[in-house]
Each structure stands twice: as structure tokens, then as C-alpha cells.
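Asker: The sequence isn't on hand, but the structure is:
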Ligand SMILES: NC(=[NH2+])NCCC[C@H](N)C(=O)O
């Protein structure tokens, strides 16, 4: 649909670790810098897509948005499909299957504005892990046709472009080893970058937009999720990942901050002792019952303990094998119900490494035995079907790690997973 850049071209034009200001990288970035209605990109590309965008943005707001999630009916109707995750060693409450939305269209969550508007926030943070190329993820996802896909799904697009982050320097303040026994590499750069992400995501959520954050590494979710919690405090987080990302500087075997975002959000790390993260002391904490994991298969010892101690509901690949992805997603979503039975707004934090490396090879911390292609899509579709999804991160696509067809396959999958979460359906 009228794409002007192939993924490969975008990747080669994408910025490097040197903060780009000029040249091809800056030109590529400008291409994506689309904010509001007037943009150089729409001027450049007066395609049917651009016209559709204009039409969509002048559409009048009519009536109440349709509602989708029918908790009590669904629970009563499907009580016979009851599961007890406690008995399965997963923590959490008794949950029920829910199939009442099959084949229906995904509707707009009540807390988003109508017409539905997606704020696309490029967050090419890469300092939470050691590999170059993670900062090209947002550009390659866009180059796969993300915007056209979302327009086809009738989203209005408010593209905020890509954020820019500083590089670490030798003079950055570091952890004081007399206060923190451990390592959080590049914490000053990561912390400052996450504050930018936090501010931009909060802006979008406050405007009742769907916040779509394109990574970047998974450390960025401490910025995005904390902003979502500030705007929508009851939000439930569906963390789709091979890893737990629950480490602290003390428990982390690597010191890489992309393994710590949930440790931060759960308040297991004192942000006042983490240079760059001082601002984090004022953001809302995540309660363990607001999280559910899907796809786990590589946990560090400290993370296993945290899951047990905090009774975090977690579905590993073992559970996917045992129950099938349909049941796992029913249970996962049900586990996020509030005590009064109502459904929370949802945030989907999708790490592409949750997917099996045969399907998504171009990522930094691959672990065999992941979700297959359809399971990966099903996860996104099931979350979208709740009608309560208001924000999403897609992280850890690194086109440099398997350049060529494999990186295109990985990025195209990432793009397709976003589309599935945001309403694309087979029929
Ligand atoms: N989002 C990720 N890919 N996380 C990988 C984390 C790997 C490992 N658990 C660590 O803390 O270093």
C-alpha cells in the first residue's frame, strides 16, 4: 500500500548509536516525524492513505462508544470451563473461559476517545541491553506498513515520531556501591530516557488516546507502564515475554536494565539510589495482582522467588503446552479482573522474544521453545477482543542481529502482532 521504504532500506537509514543530527539518518527520522494533521510526510505522500487520514480526523464524534466486555454473562455462561490456577501453581483466583466474543468486531474501550485515536510513540531506547541495533526497532516496524495497517483498521493516527535519547558518558553518575550491591548498567542514560517516554505516554493517555510504544528494549516499559498507571491507575498488565524482567541490580546476573522494568515498577528497587531514576519515586507502583505473564521460559533464580513471594500470576510455555493458548489467554485475562468482578483497562507489553526464534529470530535474548506464529497472534487477538486494551509496547526487535529476510520476518511479525491487538481479524 504505497510504502516508500522497504524494511531493509529503513534499517540501513536508521540511526546509529551516535546521536544523529544530520544526514540520511536524520532524513529517515524526519520521515516519521508526523504529529497531528499537518506533516511533511503527508505533504510528501498525498496517497489514498493520507486522504483517509484527513477524512478520519474530520469525522464527527457521534454517540457513545460501543461496549464489548460482558463480564457477568460470560462468567455465568462459561462457569463450566472453570479453572483453578492456584491448583496449577500459578497463584491468582478461580477463572473462567470466555468465548462470547468470537467472530465479533473489536470495539473501543470506554476510556478511549471516539473516533479511536492511536498515538504512536517511537522509543528507540537501547541502553538497557548491550546489542547495537535495538534502537532501529521503531523504524523498521514503521517501515513494515504499520501506519497503513492501523488506518485500514479505522484508527486515527497521531504519530509523535521517535524520541531521542542521550548516550552514556564516562561522567555519568553511577550507583554508589556502598548503598546498592549490584549493577544496573547505563542506569543514568536509561533513567533519563525513560522519563521522556513516561511524559510522552502520559500525554497520550491523558488525551484518551491508545498509546502505542515502539521499542527499543524492554527497559522502556518502566517508562510507558508507569505513565499508563498514572492516567489509568487500575490498568492490568499482560507481559508477554520469554523472560520475567523482574530483576533488581542485586539479583540481575547481567546488570542489563531490560531485565528490570517490572522490578522497578513493583517497587523492588529504590529509585532514589539509582542515578537517573530519582523521578521514579513519584510514579504509581504496580500491585502484583495487576500483572500476568504469558510465554515465560527463562527465569533467573531471583525472579522465580519474586514470582512466588508476590504470588504473581504467570503462564509459562509449560502452561501453553498443557492447556493450549486459548485456555491460557482466558485464564490470563480473567486473572486481571478487579475484586468487584469488573475488568481493568489493559496494557499489553509484548516482547518479540516471547515468540519462538524460528519465527522471530532478530532479537537480542533468544530462547528456544517459544510461542509459534499463530499462538503469538492469538495472544494479541485475545487481548484485543476484551475491548479493554488501551496501550501496548512492542519491544526488542533488533534488525541488526539477523540482517536480511530474518530481520524482515521478525519486524513484519511485530507489526502484525500490533495490528492483531488493535483489531485485525482473520474473518
Ligand atoms: N526483555 C528482555 N529481553 N529481557 C532479558 C533479560 C535476560 C536476563 N534475565 C537478564 O536479566 O539479564
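Answerer: Structure's in. What do you need? This one's a predicted model, so the numbers in the text were calculated from it and none came from an experiment.

Asker: Quick check: the residue of this structure nearest the ligand.
Answerer: residue 259 (2.2 Å; CB to the nearest ligand atom). From N, CA and C alone the C-beta is placed, and that goes for glycine too.

Asker: what mean pLDDT does the longest helix along the chain have?
Answerer: If you go by DSSP state H, the chain has its longest helix at helix 187-206. Average pLDDT, helix 187-206: 98.

Asker: same for it, what does it pack against?
Answerer: Packed against helix 187-206 by the contact rule (3 or more CB pairs under 8 Å, 6 or more residues apart in numbering; DSSP states H and E) you find strand 117-123, strand 156-162, strand 210-215, helix 221-231, strand 389-395.

Asker: Now these in JSON lines, please, with extra columns for mean neighbour count.
Answerer: Listed next are the helices and strands packed on helix 187-206 as JSON lines, based on neighbours: other CB atoms under 10 Å:
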{"stretch": "strand 117-123", "mean neighbour count": "26"}
{"stretch": "strand 156-162", "mean neighbour count": "22"}
{"stretch": "strand 210-215", "mean neighbour count": "29"}
{"stretch": "helix 221-231", "mean neighbour count": "27"}
{"stretch": "strand 389-395", "mean neighbour count": "28"}
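
Asker: need these in CSV with mean pLDDT and distance to the ligand, can you?
Answerer: As requested, the helices and strands packed on helix 187-206 are exported to CSV (pLDDT from 0 to 100; distance: least, CB to the nearest ligand atom, whole Å):
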stretch, mean pLDDT, distance to the ligand
strand 117-123, 98, 14
strand 156-162, 96, 20
strand 210-215, 98, 9
helix 221-231, 98, 9
strand 389-395, 98, 7
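
Asker: can you list the ones you listed in JSON lines and add distance to residue 194?
Answerer: JSON lines is the format used below for these (distance: least, CB to CB, whole Å):
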{"stretch": "strand 117-123", "distance to residue 194": "9"}
{"stretch": "strand 156-162", "distance to residue 194": "15"}
{"stretch": "strand 210-215", "distance to residue 194": "11"}
{"stretch": "helix 221-231", "distance to residue 194": "3"}
{"stretch": "strand 389-395", "distance to residue 194": "12"}
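
Asker: if you skip the residues just before and after it, what's nearest to the residue of the chain closest to the ligand?
Answerer: Excluding the flanking residues, the one nearest residue 259 by CB to CB, 6 or more residues apart in numbering is residue 247, at 4.5 Å.

Asker: Three-state assignment for that neighbour, please.
Answerer: Following DSSP: H, G, I helix; E, B strand; the rest coil, the label given to residue 247 is coil.

Asker: Could you number the chain from 594 rather than 1 from now on?
Answerer: Sure thing, new numbering starts at 594, so read that last one as residue 840.

Asker: wait, what's in contact with it?
Answerer: 846, 852-853, 856, 893, 895-896 (CB atoms under 8 Å, 6 or more residues apart in numbering).

Asker: Give me the ChimeraX select line for these, limited to the buried ones.
Answerer: Only the buried entries of these go into this ChimeraX selection, using 16 or more other CB atoms under 10 Å:
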select :852,853,856,893,895,896
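
Asker: Of the contacts of residue 840, which pair is most distant in space?
Answerer: Within those, 846 and 856 form the most distant pair, 13.1 Å apart (CB to CB).

Asker: follow-up on the earlier one: who are the contact partners of the residue of the chain closest to the ligand?
Answerer: Shown in contact with residue 852 (CB under 8 Å, 6+ apart): 811, 836-838, 840, 845, 893.

Asker: what residues go with each domain of this protein?
Answerer: Taking automatic domain parsing as the domain assignment, the ranges for the chain are 600-664, 710-1014.

Asker: in the chain, which spans are strands?
Answerer: In the chain, the segments counted as strands under DSSP state E are 710-716, 749-755, 803-808, 829-833, 884-889, 906-909, 939-944, 982-988.

Asker: what's near enough to touch residue 761?
Answerer: 720, 779, 781-782.

Asker: Would you format these as a markdown table with neighbour count and distance to residue 707 included?
Answerer: Listed next are these as a markdown table, based on neighbours: other CB atoms under 10 Å; distance: CB to CB, whole Å:
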| residue | neighbour count | distance to residue 707 |
| --- | --- | --- |
| 720 | 27 | 38 |
| 779 | 23 | 41 |
| 781 | 21 | 41 |
| 782 | 22 | 39 |
